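Participant: for reference, the sequence and a predicted model appear below.
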Amino acid sequence: MLRQIEGSRAVAETVALCRPEVVCAYPISPQTHIIEAIGAMVASGALAPCEFINVESEFAAMSVSIGASAAGARAYTATASQGLLFMIEAVYNAAGLGLPIVMTLANRAIGAPINIWNDHSDAMAVRDSGWIQLFAETNQEAADLHVQAFRLAEELSLPVMVCMDGFILTHAVERVDLPEQPQVDAYLPPYEPRQVLEPDDPVSIGAMVGPEAFEEVRYLAHLRQLDALERIPAMATEFEEVFGRPSGALVSPYRTEDAEIVVIALGSVLGTIKDAVDARREAGDRVGVLGITAFRPFPSDAVREALSRARSVVVVEKAFSIGFGGVLSTDVAMATHDTGCTLRTIVCGLGGRPITRRSLEEAFAAAAQDELDSLTFLDLDHEIVERERTRMTTTRRSGPSAENILRDIGTVASRMD
Amino acid sequence: MFQVRIHGRGGQGVVAAAEILSMAAFAEGRHAQAFPSFGSERMGAPVVSFCRIDDRPIRTHEPVMEPDALVVQDVTLIHQVELFAGLSTDAYVLVNTSRSFDELGLGEFFGGFHPDRLLTCPATELALEYLGRPLPNAVLLGGFAALTGQITLDAIGTAVRERFPGAVGDRNMAAAAAAFRFVTLEEEEMVHASTD
Amino acid sequence: MTTQPVRFYQVGSFAVGNRLLDDDGRTVQSDPNRTNSLDSGHRACQGCGEALGARYALDAAMRASQGRLVAVNATGCLEVFSTPYPETSWRIPWLHSLFGNAPAVATGVAAAMKAKGRPDVRVVAQAGDGGTVDIGFGCLSGMFERNDDVLFICYDNEAYMNTGVQRSGATPPAARTATTEAIGSVAGNPFGQGKDLPRIAMAHDVPYVATATVADLHDLEEKVERAMQVHGARYLHILVPCPLGWGSASSDTIRVARLAKETGLFPVFEAVDGKVTGVSPIRHRTPVEEYLSIQGRYAHLFGEHPRTDIISRIQAMADRNIATYGLLAEALADTDPKGVDV
């Protein structure tokens, strides 16, 4: 049913349709509206049977989910940024134990400096954990991916996180076609655990594994993620059959058939990129876009296929590995190292810095002229940076850099001397 | 695509205003996107919200850099925040005030704009009269409908009543209708003035 | 398989299977048909108090729940020695997640059972002192605060033993550990630190809190039984001597535990809804020296230059406990053999 609805709310209502049995809630901007909405549905009886537990930390949220999932219940939680890091031990634990927990990650920057706005540093921090990571471009996709996430998780016995850009998607009110309960029930059967804590059939879960078998256990998890490379497209096809609209899949190409330059990105920025690409197309540049929906497992084959006719790939990303380079870029480079494509990285949107169509257009135009640097920080204020560097060179006690920069751009009241 | 930017302070319903506008567009079968410039919850801080309306799906997620219409809910922001960034001279501007643009010190800045697209509306006064509370957001949307013609008052009514059911919604709509009439009258007077 | 009833002829002792008791007064451990939740073949040290405590507690919990029990285990000695790859010695459903999250994981299991309409399946969470008072503290407090339906058992051997005997928030004053060495004038773990988890649990107003030791099997089993009669957050704190970490003889484990109680250093009591409702009185009041002198972790208090000042302070602690909890049964006319004043 078509609704004009806030992204968080769309996700909450869709998750409720998936019949989770245990939902853990610990609030962190910008995920709060999701768990509040689910909490209200449980309290009103609209979502039942479901235990909604207000936990004391994100570490507890994932831990409670682990216990619930191991006991055979469909478990769900949501977090972002600092919360994800606080639970990171449990995040790895859930994947290692093979528990099909689904989590919404409302992408938000990781501090310090503390920053509540969107970027992808949080998702990137756990990309090696063994969780499947799906990125939504729109709120429609965010809702739909959750339905697929539960099914994918339970089929493969792997946890799945659905990433949606904090504030940009979570707090945007847009048109979403919400699924109906019979559709979800037809697509997502009740959870049948592969392993479960059951008094009638006791098992021990979570024992230590030594050098003699650890590698094999890890490799098996890797194989299961590779299975997802086939399951995800198949499930997307079935999704379209049941819900009547295409959704999911590993990648989403846009005007790549004859593109010389392909722009690759994750999440909501793809919409702005497509507008910029259309403008460049009108100017005569042969540019296309490849949105990556399944980031883990990384769809190397699909990416290579989309780049097969391109000579250059531009990765637009909202994460950065300090001291090295782009994060998504590294993955793309590894997947395409022998394709002959040149790779350019544009880092943008860090800490919620707006990404404008105009700036992207300029960058794509430069790429078409082979004038784009290998690494660009979009809209970076170099003067401000230089000012702080000079300050640090001339004074030992130069003070906190972040405060100095804020003062320079006029945000913080000047010091009273 | 028609892009709107709404400025105000926390607690004045700036975010809700953009959402209601998007819901009104939805009620008319159009595509719409509403979102705030975000921050931690705090009353009184400057807040900006955005709304895009289009007949086709809206893909972009950048902030509204070049608004076709600007709504200013709180005049104390005028010399404190960069309200007018990206405005083209064709833009519509609706300011919540009982003073004129000149009295607000904006006469010179808006010299090159279309005078019939720069209007004021005493939304806070109307809100106090009809709602008993200084909440000008839904009221201003009535003025917006009259000023830009992008949305009907009826659609605003549907959205407002969905957002604020019962008596609250009705009172908001009464105030919005009053704002609609006020702005319409203002427009007519301006047309008369220019033809005199 | 035919069973033979086991006959023990000691009277008034703590021996298992006292034949002068009625059947329902006998311990679970005396029952050859007990679950043996923690089965033989695990890799615990000789004389391990925790292995004993876990077996006692879980078998009692299994009886109380008619075999419908799930156990959640924190990282630590118990988890490590009970599941040496590729074996497990657990006969009950058992989950190990992390070091600091046993209470939260147990909350999740309990929630799942509730959502699935299976309130008959009970949940026990268990951890050592480190996993309880230190790294698990936040999750434990959350579990208490929400009154989640979990029985949390702390096996307290007063240090991080599995990693090599390092100090925890439960390590008593003057004890030597690898991170509180007795070097020079430093006499082991400082005074004035440490958490009293039973009292902290009581401060959360949870339905049931109790302390016990492996020296009194009847008492321990009864407390587990009583805890299992109740729903909500329940806490059981069991003193389990560690021969390796305490430097005591492996044959002395039960004796050391008994001395901890008889000196007053480890008060044995139970509390309902935040108030102490009963204590296990001291039978033979014992000076702390007798307890300290048989443990290597206190060896630096003795010898050529005994630290009588420190021993006095420890004695003062014991005396304070005796006064606070009323551990001396002066007025105990009819000596309840099980020693628990209900």
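Facilitator: That came in fine, so what should we check first?

Participant: which helix of chain B spans the most residues?
Facilitator: What stands out as the longest helix in chain B, according to DSSP state H, is helix B:167-195.

Participant: just give me how far it sits from the chain centre.
Facilitator: 12 Å (Cα atoms, centre = their mean, to the nearest Å).

Participant: could you name the helices and strands sitting against that helix?
Facilitator: Other elements packing on helix B:167-195 under the criterion 3 or more Cβ pairs under 8 Å, 6 or more residues apart in numbering or on different chains; DSSP states H and E are strand B:118-121, helix B:123-130, helix B:137-148, helix B:153-163. For every residue, glycine as well, the C-beta is placed using N, CA and C.

Participant: in CSV: those, plus distance to chain A and mean neighbour count.
Facilitator: Shown next, in CSV, are the helices and strands packed on helix B:167-195 (distance: least, Cβ to the nearest Cβ, whole Å; neighbours: other Cβ atoms under 10 Å in any protein chain shown):
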stretch, distance to chain A, mean neighbour count
strand B:118-121, 24, 22
helix B:123-130, 22, 21
helix B:137-148, 14, 28
helix B:153-163, 8, 20
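
Participant: right, so of those, which gets closest to A:A46?
Facilitator: When the helices and strands packed on helix B:167-195 are compared by Cβ to Cβ, helix B:153-163 sits nearest A:A46, at 18.6 Å.

Participant: with just CA atoms, put the closest one into CSV.
Facilitator: What follows is helix B:153-163, C-alpha atoms only, in CSV (Å, rounded to 0.1, in the frame of the first residue of the first chain):
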residue,chain,number,x,y,z
LEU,B,153,-5.7,24.2,0.3
ASP,B,154,-7.8,21.0,0.2
ALA,B,155,-4.7,18.8,-0.1
ILE,B,156,-3.1,20.7,2.8
GLY,B,157,-6.3,20.0,4.7
THR,B,158,-6.1,16.3,4.1
ALA,B,159,-2.5,16.2,5.2
VAL,B,160,-3.0,18.4,8.3
ARG,B,161,-5.9,16.4,9.4
GLU,B,162,-4.0,13.2,9.0
ARG,B,163,-1.1,14.6,11.0
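
Participant: and the angle for that helix with helix B:137-148?
Facilitator: In terms of direction (axes from the mean of the first three to the mean of the last three Cα atoms, to 10 degrees), helix B:153-163 departs from helix B:137-148 by 160 degrees.

Participant: next, the angle helix B:167-195 makes with helix B:153-163.
Facilitator: Going by the same axes, to 10 degrees, helix B:153-163 makes 150 degrees with helix B:167-195.

Participant: which outside residues touch helix B:153-163?
Facilitator: B:16, B:19-21, B:23-28, B:138, B:141-142, B:145-146, B:169-170, B:172-173, B:176-177, B:180 (Cβ atoms under 8 Å, 6 or more residues apart in numbering or on different chains).

Participant: just how off-centre is whichever strand or helix holds A:E240 within its chain?
Facilitator: For A:E240, the host element (DSSP states H and E) is helix A:214-243. Counting by Cα atoms, centre = their mean, helix A:214-243 is centred 17 Å from the centre of its parent chain.
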